Structures are given as structure tokens and as C-alpha cells.
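*Asks:* Generate coordinates for the sequence data below:
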Amino acid sequence: MNYLYLTPEDKDKVEIKIDLLKHEKELFSRKLGEAAAHGGSFPQGIPEYVVLENKIHRLEDEMILLKKILDEYEIIEIEKLPKNIITTYSNVKAENNENITTFQIIESIISKEKDGIKIVSPKSPVGSAFLGKKKGEVAKVNLPQKNEIYKILEIN
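*Replies:* Below is the predicted model:
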């Protein structure tokens with residue numbers, strides 16, 4: 001079962017963000033051309049050229065990630081999301097070593113951290129360990145330095 005969902009409104013946000021990044025890339029590409037014209041046969045030696053080239057690469061990487069979200073996520077109305085299982089958009093209260101933390105499983109492009117709620121990508125170690133779990137189940141999170149166990153206390 002797919003647990004990666006995107007609302008139509010958030011799909012629109014992602015598409016708008018892609019369009020803005022494309023526009024920004026076009027602007028930087030024009031500036032890159034101007035810098036190359038001033039650089040002669042070796043424009044890579046001009047600091048401005050290198051900075052612009054790096055900015056363009058970062059924009060391209062971000063666009064690739066956003067397009068991947070649009071390709072992999074199922075579009076669904078928020079009211080139709082499963083209520084008893086962790087998916088994207090779930091707020092999850094979980095316990096780890098007697099510490100209780102509330103997470104929201106969502107891409108950071110869609111939502112920013114809120115008071116007391118940690119935003120985690122569904123593709124992160126925590127997010128991927130939580131997806132598909134139900135209240136009372138245990139999620140094993142594989143982190144680079146250690147493994148952590150969370151008991152799912154609540155799903156909203």
C-alpha cells in the first residue's frame with residue numbers, strides 16, 4: 001500500500017515552486033552567459049561564474065527532488081486519508097526512552113516546523129520507519145550512529 005500522499009493544494013504548491021525555480025534558473029543562466037563573455041576562453045576562473053554555476057546546480061537538484069515528489073506521491077483529498085495508519089500528513093505522538101515527541105510526516109517543502117512538532121520527511125529514517133504503523137505498534141528507526149525504538153502512542 002502507498003502511504004505517500006499529497007493533497008491537490010500541496011501539489012499546486014510544489015508545481016508553483018518548480019516554476020519559480022525554473023524562472024530563477026533562467027535568470028542565473030543569463031548572468032552566467034554574461035560572466036562567461038567576460039571570462040574569455042576560461043570563464044571557470046572567474047569567481048562570479050563559479051558561484052552562478054553552483055547556484056544553477058542547486059536549483060536543478062531542488063527541481064529534480066520536487067518532480068520526484070510529484071511522480072511518487074498519490075494525490076488525495078485530506079478527508080480521504082486513512083485515519084488509523086501513519087501516512088503523509090499524519091501527526092504522530094511517539095515515545096522513545098520515556099521521551100514523548102510529536103512528529104508530522106510531511107515534506108518540508110510543504111510545511112515548516114511548528115511549535116512542539118518535528119517535521120520529518122516520509123523518506124527520512126524516522127518517516128520511513130513510521131509509515132504504515134498503527135497506534136500501539138513499535139517503529140525501529142535505523143540511524144547512522146544508532147538504532148532507536150519508538151512506540152506509537154497517537155495518530156492524528
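
*Asks:* where does this structure dip in pLDDT?
*Replies:* For the chain, applying pLDDT under 70 flags the ranges 1, 39-43, 112-113.

*Asks:* biggest strand in it, by residue count?
*Replies:* Longest strand in the chain by number of residues (criterion: DSSP state E): strand 147-155.

*Asks:* quick one, what contacts residue 53?
*Replies:* 32, 44 (CB atoms under 8 Å, 6 or more residues apart in numbering). (Each C-beta comes from the backbone N, C-alpha and C, glycine too.)

*Asks:* still on that earlier bit, neighbouring strands for the longest strand of the chain, and are they parallel or not?
*Replies:* Neighbouring strands of strand 147-155 in its sheet, by DSSP bridges, are strand 91-96 (antiparallel), strand 138-142 (antiparallel).

*Asks:* residues in contact with the shortest one?
*Replies:* Strand 138-142 is touched from outside by 94, 125, 126, 129, 130, 133, 147, 148, 149, 150, 151, 152, with contacts defined as CB under 8 Å, 6+ apart.

*Asks:* again, 7 Å this time
*Replies:* 125, 126, 129, 130, 133, 147, 148, 149, 150, 151, 152 (CB atoms under 7 Å, 6 or more residues apart in numbering).

*Asks:* Dump stretch 69-82 to CSV, keeping only the CA atoms.
*Replies:* Output in CSV follows, covering the C-alpha atoms of stretch 69-82 (Å, rounded to 0.1, in the frame of the first residue of the first chain):
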residue,chain,number,x,y,z
ILE,A,69,7.6,14.1,-5.2
LEU,A,70,5.0,14.7,-8.0
ASP,A,71,5.9,11.4,-9.6
GLU,A,72,5.8,9.3,-6.5
TYR,A,73,3.0,10.7,-4.4
GLU,A,74,-0.6,9.9,-4.8
ILE,A,75,-2.9,12.9,-5.0
ILE,A,76,-5.8,12.6,-2.5
GLU,A,77,-8.2,14.9,-0.6
ILE,A,78,-7.1,15.2,3.0
GLU,A,79,-10.5,13.9,4.2
LYS,A,80,-9.9,10.6,2.4
LEU,A,81,-6.6,9.9,4.2
PRO,A,82,-6.6,6.8,6.4
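
*Asks:* Wait, a helix at residue 119?
*Replies:* No. Secondary structure of residue 119 (DSSP: H, G, I helix; E, B strand; the rest coil): strand, not part of a helix.

*Asks:* partner residues bridging it?
*Replies:* In beta-bridge terms (that is, DSSP bridges), residue 119 pairs with residue 104.
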